[in-house]
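Student: below are the sequence and a predicted model for it; my questions follow.
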Amino acid sequence: MCTVVIDVADAGSSRLLAVRDEDPQREWDHVGAWWPEAYPGVIGIRDRRAGGAWLAVNTVEHRLAVLLNRADVLDLPDAASRGSLALESVVGRSPVGFPRMHGFNLLEATPEAARVISWDGVELRETPIASGVHMIAHDDLDDPSTPRIAAWLPRFRTTVPDAWVDLLAETAALPAEDDRAIIRDNRPHGYPTQSLLYCTASVSEAGVQVHDEALPRPGHWT
């Protein structure tokens with residue numbers, strides 16, 4: 001139940017803020033070049049258990065991808081890990097066809113454009129991201145039925161990206177189990193995940209910049 005806020009400029013360049021929700025018992029590594037042989041030139045946040053990435057960046061081709069889980073209608077006991085999606089995306093291999101994976105939203109950003117590829121177990125869809133500020137979580141882009149989007153998208157749209165982290169801190173005044181919260185504790189909702197870190201990033205012709213910051217405690221801003 002991660003969250004991404006993205007500002008797409010008319011020319012296609014992007015700035016974004018991404019919050020990762022995951023089981024605190026699932027170990028991870030900060031942004032680094034963890035796949036030098038399989039994915040040279042790619043850095044990202046690595047999931048140690050599966051070896052994949054939640055967020056990945058191609059430093060040569062200036063591509064960025066972020067993976068968000070999404071509900072699906074499949075019973076797939078042998079489903080493949082979704083951790084390869086961001087890594088494959090930033091080397092130009094986006095998902096196609098009928099992935100043997102559980103549902104996902106894959107946000108892709110290049111200096112020219114940004115889009116979301118969504119898979120719900122029935123249909124693989126592409127949603128281009130128009131210029132302006134947008135949010136996505138576990139449903140559709142800018143989905144008003146997602147409480148945190150309904151609560152905070154208007155504020156992000158009136159706040160410059162340089163101040164988004166300050167606004168994120170403000171959102172943390174909500175209880176972490178509140179449906180409107182971005183810094184989250186999803187255990188009361190039946191999931192073991194809590195917000196563990198946030199990333200800020202920019203994507204342009206000049207390159208990709210990314211910075212990640214771990215939260216001091218899962219599901220807590222301070």
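Tutor: Cool, the structure landed. Residues are numbered from 1 along each chain as shown.

Student: for the strand or helix carrying R20, buried residues please.
Tutor: R20 is part of strand 14-22 when elements are defined by DSSP states H and E. The neighbour-count check on strand 14-22 (16 or more other CB atoms under 10 Å) flags S14, R15, L16, L17, A18, V19, R20, D21, E22 as buried. Backbone N, C-alpha and C define where each C-beta goes, glycine included.

Student: so the nearest residue to P218 once chain neighbours are set aside versus S94, what's the distance?
Tutor: Spatial nearest neighbour of P218, chain neighbours left out: Q194 (3.9 Å); criterion: CB to CB, 6 or more residues apart in numbering. From Q194 over to S94 the distance is 29 Å, taken as CB to CB, to the nearest Å.

Student: same thing with A163?
Tutor: In terms of CB to CB, A163 sits 32 Å off from S94.

Student: again, but for F156
Tutor: 26 Å.

Student: neighbour count: the two, which is higher?
Tutor: Between F156 and S94, counting by other CB atoms under 10 Å, F156 is the more crowded of the two (23 against 16).

Student: wait, that one sits on L168?
Tutor: No: in this structure, F156 is not within contact of L168 by CB atoms under 8 Å, at 9.3 Å.

Student: adjacent strands (with direction) for the strand holding R20?
Tutor: strand 3-8 (antiparallel), strand 194-204 (antiparallel) (DSSP bridges).

Student: quick one, what contacts the nearest residue to S84 once chain neighbours are set aside?
Tutor: Counting by CB to CB, 6+ apart, S84 lies nearest to G52, which is 5.3 Å off, once chain neighbours are set aside. Neighbouring residues of G52 by CB atoms under 8 Å, 6 or more residues apart in numbering: R46, S81, R82, G83, S84, L85, A86, L87.
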